[in-house]
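[1] sequence and predicted structure are below.
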Amino acid sequence: MKAVRLGVLASGGGTNLQALLDADLGPGTIEVVLSNVPGCGALERAQKAGIKTELLNHKAYKKRKLYDQALVDALAPYQLDYIVLAGFMRILTPVLLDNYPQRVINIHPSLLPAFPGLDAQGQAFAAGTKLAGCTVHLVDAGVDSGPILAQAAVPVLASDDAEALRLRILAQEHQIFPATIRAVCEGRLKKIEQGYFLDSSPQREAFLQNPSFIAGAKS
Ligand code: GRF
């Protein structure tokens, strides 16, 4: 199977990046990790894993569109098939998205469409929701609004504080993100009338044995 070239964009500690680095992504290969935050954990993890890194500090750009053009230029030499957002704390404009149509994938720590935007876990906790979780989705020009590819749900316990809930969600992120990226790299992302779907396969059946994994939800 032909290699599927991935670029991972991250701004933070990089635990989701680490999950991708540690996983078998099938034909997926991480060609580059790009960050907007100098010295962030994600860059350190990439360097430790021997992956090429790029630093593009958004503070050097006055407009979002100019920053996104710089992103496009920095990523072009890597000839990426997909851009994977693993905690990249920037809203992307069509300047980047139009270069990678339906080929930018994000992980968000809520059961979208509930709680888009910043501190989704805190929003869920404050709302008193009893079921929280995470979502892998295609990125469009909205905020956390693109077609849903996979979700995992976790309970909110009476003993939780916001941090405990964040960690329970994060553990599920580390499961469904690599699994979904692998499925996409294997060419199992299909557009159907009702939305996007990950085709059935032995791997998907294995994911489904984790009862909190819900793949192929309608967009
Ligand atoms: C994760 O909660 C992810 O869902 C969100 O940003 C956070 C990144 O965490 N988009 P990490 O840097 O992967 O640890």
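    Structure received.

[2] please enumerate the helices of the chain.
    Listed in chain order, the helices of the chain (DSSP state H) span 15-22, 41-48, 64-75, 94-97, 120-127, 162-185, 202-208.

[3] wait, which of those helices is closest to Glu54?
    Ranking the helices of the chain by proximity to Glu54 (CB to CB) places helix 64-75 first, at 5.1 Å. C-betas here are computed from N, CA, C, even on glycine.

[4] OK, contacts around Gln47?
    By CB atoms under 8 Å, 6 or more residues apart in numbering, the contact list for Gln47 reads Thr53.

[5] measure it to Arg188 for me?
    Going from Gln47 to Arg188 by CB to CB, to the nearest Å gives 31 Å.

[6] list the buried residues of stretch 139-154.
    By 16 or more other CB atoms under 10 Å, the buried positions in stretch 139-154 come out as Val139, Asp140, Asp144, Ser145, Gly146, Pro147, Ile148, Leu149, Ala150, Gln151, Ala152, Val154.

[7] so what pLDDT did the fifth one get?
    Among the per-residue scores, Gly146 shows a pLDDT of 93.

[8] hmm, Val139 and it touching each other?
    Yes: counting by CB atoms under 8 Å, Gly146 touches Val139, with 5.0 Å between them.

[9] pop out the phi and psi values for Gly26.
    Note on Gly26: its backbone torsions stand at phi 60, psi -130 [degrees, to the nearest 10].

[10] what residues are up against Val95?
    Going by CB under 8 Å, 6+ apart, Val95 touches Lys65, Asp68, Gln69, Val72.

[11] can you redo these as a markdown table with distance to His58, pLDDT and neighbour count?
    Formatted as a markdown table, the contacts of Val95 follow (distance: CB to CB, whole Å; pLDDT from 0 to 100; neighbours: other CB atoms under 10 Å):
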| residue | distance to His58 | pLDDT | neighbour count |
| --- | --- | --- | --- |
| Lys65 | 12 | 95 | 13 |
| Asp68 | 10 | 97 | 22 |
| Gln69 | 12 | 97 | 16 |
| Val72 | 14 | 98 | 14 |
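
[12] picking up where we left off before, quick check: which of the helices of the chain is nearest to the ligand?
    The ligand sits nearest to helix 15-22 of all the helices of the chain, at 3.2 Å, using CB to the nearest ligand atom.

[13] residues of the closest one that come out buried?
    Buried residues in helix 15-22, counted by 16+ other CB under 10 Å: Thr15, Asn16, Leu17, Gln18, Ala19, Leu20, Leu21.

[14] neighbouring contacts of it?
    Contacting residues not belonging to helix 15-22 are listed as 6, 8, 10, 30, 33, 42, 45-46, 49, 51, 84, 86-87, 107, 170, 173-175, 177-178, 181 [CB under 8 Å, 6+ apart].

[15] what about 10 Å?
    Helix 15-22 is contacted by residues 6, 8-10, 14, 28, 30, 33, 35, 41-43, 45-46, 48-51, 84-87, 107, 109, 134, 170-171, 173-179, 181-182 when judged by CB atoms under 10 Å, 6 or more residues apart in numbering.

[16] that one near the ligand anywhere?
    Yes: with CB under 6 Å from any ligand atom as the criterion, the ligand is reached by helix 15-22 at Thr15, Asn16.
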